[in-house]
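Participant: got a predicted model here, sequence first, then my questions.
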Amino acid sequence: MDSCPLCGSPNLQPAPLQPEPPFGLLQCGACGGIALSPRPLRSAMGAYYDAYYGSEASAQKSERQARRATRHFSRLARHARAGRLLEIGAGDGYFLDAARRAGWTVEGLELSQPRVARAQEWFNLELKCADLDHAPFPAESFDAICMFQLIEHVHDPRNVLQRVHRLLRPGGVMMISTPNVLAYSRKNRGVNTWRIPRHLFFFTPRTLVRTVESLGFDVLRRSLKLYATIEERLGWQPWPSSTLLSGVTRDLWTPFGLHLIARKK
């Protein structure tokens, strides 16, 4: 990489901690984003997912996942009225089922054929087995678009967010969740446990907020904007801090997950 995929800045430097070869990490001096580089080609990613998820199977529905989906949906419902909703990476369909029961018209994209089949069997949902670039949706099709634990896996998050922006109607709402790399130290997660190379990007509150705002969204979650402001002022980093105050405040205050809700301007 010769520029940051998230903000376009050429101010990229090797991160203070590096994973085992052949992979590496670059950090942007402008937005703070962390990207895997070198990284696998898109065509090679399937082998890494097959090795990790190959033995994973869901024999029956999970009440725990259903409750979690309902909690996620309740966050969205505070900012959007029932309309047409798209979930990218819809999994087994738990979230879409919660939204449909609340009166939304729902559609989902999911690349895993077994999960498409489970969504049909468990919830009578017809998911499209396609990625966002090849989904047959016209501009301004949706009132809400959601992505959970997805943005860190894609090769070009900025392109995905731009596509979401085009698909949302004016005033439409986007909802994202992604791991917070600042919180990894609390779990004693060394850099080689960062799910590399399945995770290609590592977000902090500031990075996520800045990226989304630069693409024509207004971030609605005040807590996330507060974390982003404190992160910038105190210089929080996901590696050993140069100051005791920064390390202590980071470990005390940063959430494990980043939950962003933003409105298309």
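Facilitator: Nice, thanks for sending it over. Numbering: from 1, shown residues only.
Participant: what segments of the stretch 1-150 of the chain are helices?
Facilitator: With helices called from DSSP state H, counting those that start in this stretch, the stretch 1-150 of the chain shows them at 45-53, 63-77, 94-101, 113-123.
Participant: make JSON lines from those helices and add mean pLDDT to it.
Facilitator: What follows is the helices of the stretch 1-150 of the chain, written out as JSON lines (pLDDT from 0 to 100):
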{"stretch": "helix 45-53", "mean pLDDT": "68"}
{"stretch": "helix 63-77", "mean pLDDT": "95"}
{"stretch": "helix 94-101", "mean pLDDT": "98"}
{"stretch": "helix 113-123", "mean pLDDT": "92"}
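Participant: would you reformat the ones you listed as TSV and include distance to residue 183 and mean neighbour count?
Facilitator: All C-beta spots, glycine's among them, are computed from the backbone N, C-alpha and C. Output for these, formatted as TSV (distance: least, CB to CB, whole Å; neighbours: other CB atoms under 10 Å):
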stretch	distance to residue 183	mean neighbour count
helix 45-53	22	12
helix 63-77	18	15
helix 94-101	23	22
helix 113-123	27	17
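Participant: ok, which of those comes nearest residue 230?
Facilitator: helix 63-77 (21.3 Å; CB to CB).
Participant: which residues touch that closest one?
Facilitator: Contacts to helix 63-77, defined as CB atoms under 8 Å, 6 or more residues apart in numbering, come from residues 92, 94-95, 97-99, 102, 144, 146, 148, 173, 175, 177, 259, 261.
Participant: with stretch 129-147 instead?
Facilitator: With CB under 8 Å, 6+ apart as the test, stretch 129-147 has contacts from 72, 76, 80-81, 83-89, 95, 104, 107, 109-111, 113, 116, 128, 159-160, 163-164, 166-170, 172-177.
Participant: would you mind checking the residues you listed for buried ones?
Facilitator: Those of these that meet the buried threshold are 72, 76, 80, 85-89, 95, 104, 107, 109-111, 116, 128, 160, 163-164, 167-168, 172-177, by 16 or more other CB atoms under 10 Å.
Participant: from start to finish, how long is stretch 78-91 in a straight line?
Facilitator: Stretch 78-91 has an end-to-end distance of 23 Å (criterion: CA to CA, to the nearest Å).
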